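**Q** sequence and predicted structure below; questions after.
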Amino acid sequence: MTLTQPPVPYEKVELWLNSYKDWKARLEYVQSELSYIPALTRTLQMVAAHSSGRKQETVLLTVIRRIEITEHEIPLLQSRIGLIDYAFSALTPEENLFIQLRYMDQLALSDAMSRLALSRRAYFYLRKRTLHKIYMKIKDRAILLDLDSSHED
């Protein structure tokens, strides 16, 4: 009895790689946003003190949003980024360069082929091999990359 492995979802892996830079930028942004929580909390307390105990809705919603970021969005983004970084550890220098050029720098296919000095056939072989390595390294945890964050822009 021969067990066949399911095919590698190359398009999905490319989607993850294309999202990687956005995830890193989003993580940096939401972490910086958290630095405003103490000031927001003070504002909320002052508003409550000067408005007969009624908290201003927008300030309260902002504080709640920042708490949601801390509890949900930051850990998810850290997991996604860490998982992709872990997958990169399986790659050769040539494969890393391919990832850098094609997905991080977002060079056009023809420009990436030229920079790597590869024929079209060799380029697509490198692409397939690299995406396969990435997927095989993280396939058991890939669900983290597919989770839909309710706060993504």
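**A** Perfect, I can see it now. These numbers come from a predicted model, not from an experiment. Residues are numbered from 1 along each chain as shown.
**Q** mind listing the helices for this protein?
**A** 10-33, 37-50, 57-68, 74-88, 93-99, 109-116, 120-138, 143-146 (DSSP state H).
**Q** pLDDT below threshold where in the protein?
**A** Within the chain, the segments meeting pLDDT under 70 span 1-3, 36-60, 63, 148-153.
**Q** next up, the contacts around the spatially most central residue of it.
**A** Per Cα atoms, centre = their mean, the C-alpha nearest to the average position across the chain is that of residue 23, at 3.1 Å. Residues in contact with residue 23 (Cβ atoms under 8 Å, 6 or more residues apart in numbering) are 77, 80-81. All C-beta atoms are positioned from the backbone trio N, CA, C, and that covers glycine.
**Q** and it, how far from residue 84?
**A** Going from residue 23 to residue 84 by Cβ to Cβ, to the nearest Å gives 8 Å.
**Q** got it, and residue 24?
**A** Going from residue 24 to residue 84 by Cβ to Cβ gives 9 Å.
**Q** higher neighbour count, those two?
**A** Higher neighbour count among residue 24 and residue 84: residue 84, with 23 against 16, using other Cβ atoms under 10 Å.
**Q** all good on my end, thank you.
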